[in-house]
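A.B. asks: the following comprises the amino acid sequence and a computationally predicted model.
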Amino acid sequence: MRPPFDCDDHSQDGRGCLSSRRDFLKLALAASSLPLLPNFGFGSVFDDERTAWYRAAKFGMFIHWGPYSLASVEASWPIMVPKPGGITEAEYRGLPKRFNPTKFDPYSFVDLARAAGQQYMVFTTKHHDGFCMFDSAYTDYKVTNTPYGKDIVAQLAAACKERAMPLGFYYSPPDMHHTAFRDTSKLAAENWNGEPTRPEWPLYLDYMQLQLTELLTKYGPAALIWFDGLHHQEKYGGVRFLDLIRQLQPPTLVNDRIGVPGDFQTPEQFIPTGIPTKDVRFNAVDTSIQQKLKTTVPKPEDFQLWETCMTINDTWAYNMHDREFKSAQFLIRGLVEVASRGGNFLLNVGPQPDGIIQPEFQERLRTIGEWLSVNGDSIYGTTYGPVQGMASARTTAKDKKVFVHVFDWPSSAFVIEGLDAKVISSHLLATGQPLKFRQTEGKLQIDLPPHAPDPNVSTLAVNTL
């Protein structure tokens, strides 16, 4: 097996991080040998070596950044669905003339992700507006034509390689700037879904192929490609681009937003209430899919690999006016919720126009990292737990261990129902304190100390035969 990134075998300073290819392989192997689940049969995602690193990683950093940060507006959407009194398309188009993030330090991005315990990064190389944060040879609408003048993606890719951080590329198939995607003599609000019936459309698909080829040949190994095709994704002929990625970088993973099934599905801004299975297809932000999910534990061959992406406040891009920050506790519990159902948590930051990640984001990320420095064993390399649907706790599983994440610390004995495996010991993960327990058929009762070790989430480790 070869993970889709290069790394030297040297240690890294970061809480809960995987410091080398050797560590990542160990974790991937741990994720693929889970006796608490039924025997893995043919067709199980747990047999897929390409996804092993991703299944083990669990936690990543999403980065939405571009000239739109100057205006404290969302990426692309203000010109696609404009609001009265908002920024005009002409004003939005003029933002690159002022984009000059002189304080940008790619190593600070990577080091912050490491401090947060994040194991991979996904960067917006091109959003729906069509502006490229890399030095593409096929457009003038790019970061190297701004006052800043330097290739952001190249710098981040170099820093990620040096720090052994897997880097994935977000790439938007919609493109408000390209004349073959839509008639740009009209406002984007009139035709932002693209115009595939125009004779120019094949030229746009060629443009996509050329740019993806650049990303996959000029910037080192790509851990994944994160498409965001919005509506009517069949118009892109996604098989063509899936084949291109497989040809240029076979280990690279692909998400599900280009009209064809990828390696993983991507619910946006919500966490599925049950474990996703292959018979249920997510539609990004369509939470009605929750009604089809069950709280039962699926067979491994039925499990669907997935990743929730979420913002720390209410916007993907930097917005100085958005003060609706999620608490560190909310985000830690979100990570636990996601891991308990076998998914990954891709948490977004929107850097400021000067290139600095705002302090409110940094504070929350470092708090998550502190929690993971103690509880990381219950997240990394795990999969969905054998007990689902508990009111005040969530479970993950790894090897012969079940990790029980307690949200609401009980005042009396803690009871877990539905754990069939024979328990041989239990302890607090944070302190190692042994815990007395009693197990009868289908029920495990654990005696807990009077106070929770952690106000965010406290973790019990349960060892089984």
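C.D. replies: Yep, that arrived.
A.B. asks: and D256, what does it touch?
C.D. replies: Each residue near D256 by Cβ atoms under 8 Å, 6 or more residues apart in numbering is listed here: G262, F264, Q265, T266, R281, F282. (C-beta placed from N, C-alpha, C; glycine too.)
A.B. asks: generate a PyMOL selection restricted to the buried entries among those.
C.D. replies: In PyMOL, this line selects whichever of the contacts of D256 come out buried by 16 or more other Cβ atoms under 10 Å:
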select buried, resi 262+264+265+266+282
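A.B. asks: and the two most separated of the contacts of D256?
C.D. replies: F264 and R281 (12.3 Å; Cβ to Cβ).
A.B. asks: re the thing from before, just the ones of the contacts of D256 in strands?
C.D. replies: Among the contacts of D256, none falls in strands (DSSP state E).
A.B. asks: closest to L435 out of the contacts of D256?
C.D. replies: F264 (35.5 Å).
A.B. asks: tell me the SS of the residue nearest to the spatial centre of the chain?
C.D. replies: Residue closest to the average C-alpha location in the chain (Cα atoms, centre = their mean): L346, at 2.4 Å. Classification of L346 using DSSP: H, G, I helix; E, B strand; the rest coil returns strand.
A.B. asks: so it makes contact with H64?
C.D. replies: No - assessed by Cβ atoms under 8 Å, L346 is found out of contact with H64, at 11.3 Å.
A.B. asks: pretty sure V402 sits in a helix.
C.D. replies: No - when three-state DSSP is applied, V402 is found to be strand, with no helix at that position.
A.B. asks: how about it: what's its closest non-neighbour residue?
C.D. replies: Among residues not flanking V402 along the chain, V462 sits closest, at 4.4 Å (Cβ to Cβ, 6 or more residues apart in numbering).
A.B. asks: residues contacting that neighbour?
C.D. replies: K401, V402, F403, V404, L419, V423, S425, S426, F437, L444, I446.
A.B. asks: which residues does it form beta bridges with?
C.D. replies: Under DSSP bridges, the beta-bridge partners of V462 are V402, S426.
A.B. asks: OK, contacts around D175?
C.D. replies: So D175 contacts K126, H128, D129, G130, F181, G194, Y204, Y207 (Cβ under 8 Å, 6+ apart).
A.B. asks: run the chain-centre distance for stretch 48-63.
C.D. replies: The chain centroid and the centroid of stretch 48-63 are separated by 8 Å under Cα atoms, centre = their mean, to the nearest Å.
A.B. asks: for it, list every residue counted as buried.
C.D. replies: For stretch 48-63, by 16+ other Cβ under 10 Å, it's 50-63.
A.B. asks: likewise stretch 445-459?
C.D. replies: Per 16+ other Cβ under 10 Å, stretch 445-459 contains these buried residues: I446, L448, A452, P453, D454, N456, V457, S458, T459.
A.B. asks: among those, which pair sits farthest apart?
C.D. replies: Farthest apart among these by Cβ to Cβ are I446 and N456. That separation is 19.6 Å.
A.B. asks: now Q209: closest residue in space that isn't a chain neighbour?
C.D. replies: The spatial neighbour of Q209 that comes closest, neighbours along the chain excluded (Cβ to Cβ, 6+ apart), is L244 at 6.1 Å.
A.B. asks: which ones are touching the one you found?
C.D. replies: Applying Cβ under 8 Å, 6+ apart, we find L244 in contact with Q209, L212, T213, L216.
A.B. asks: got a PyMOL select line for the buried ones in the residues you listed?
C.D. replies: The buried residues among those can be selected in PyMOL (16+ other Cβ under 10 Å) with this line:
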select buried, resi 212+216
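A.B. asks: and the contacts of L244, which is closest to P173?
C.D. replies: For the contacts of L244, the nearest to P173 is L212 (9.9 Å; Cβ to Cβ).
A.B. asks: and the one helix or strand that closest one maps to, how far out from the chain's middle?
C.D. replies: Counting by DSSP states H and E, the element that carries L212 is helix 201-218. Offset of helix 201-218 from its chain centre (Cα atoms, centre = their mean): 24 Å.
A.B. asks: who touches it?
C.D. replies: With Cβ under 8 Å, 6+ apart, helix 201-218 has contacts from 125-126, 132, 134, 136-138, 153-154, 169, 171, 173, 175, 178, 180-181, 194-195, 222, 225, 235-237, 240-241, 244-245, 248-249, 252.
A.B. asks: buried subset of these?
C.D. replies: Among the contacts of helix 201-218, those buried by neighbour count (16+ other Cβ under 10 Å) are 125-126, 132, 134, 136, 153-154, 169, 171, 173, 175, 178, 180-181, 194, 222, 225, 235-237, 241, 244-245, 249, 252.
A.B. asks: returning to that earlier point: what about the residue nearest to the centre of the chain, distance to L215?
C.D. replies: 18 Å (Cβ to Cβ, to the nearest Å).
A.B. asks: and the helices in the stretch 201-350 of the chain?
C.D. replies: Assigned by DSSP state H, counting those that start in this stretch, the stretch 201-350 of the chain shows helices spanning 201-218, 238-248, 328-340.
A.B. asks: give me whichever of these is most buried.
C.D. replies: When the helices of the stretch 201-350 of the chain are scored by mean count of other Cβ atoms under 10 Å, the highest mean neighbour count falls to helix 328-340 (a mean of 21).
A.B. asks: name the helices or strands packed onto that helix?
C.D. replies: Secondary-structure packing of helix 328-340 (3 or more Cβ pairs under 8 Å, 6 or more residues apart in numbering; DSSP states H and E): strand 307-311, strand 344-349, helix 359-375, strand 393-398.
A.B. asks: apply 6 Å and report the result again.
C.D. replies: helix 359-375, strand 393-398 (3 or more Cβ pairs under 6 Å, 6 or more residues apart in numbering; DSSP states H and E).
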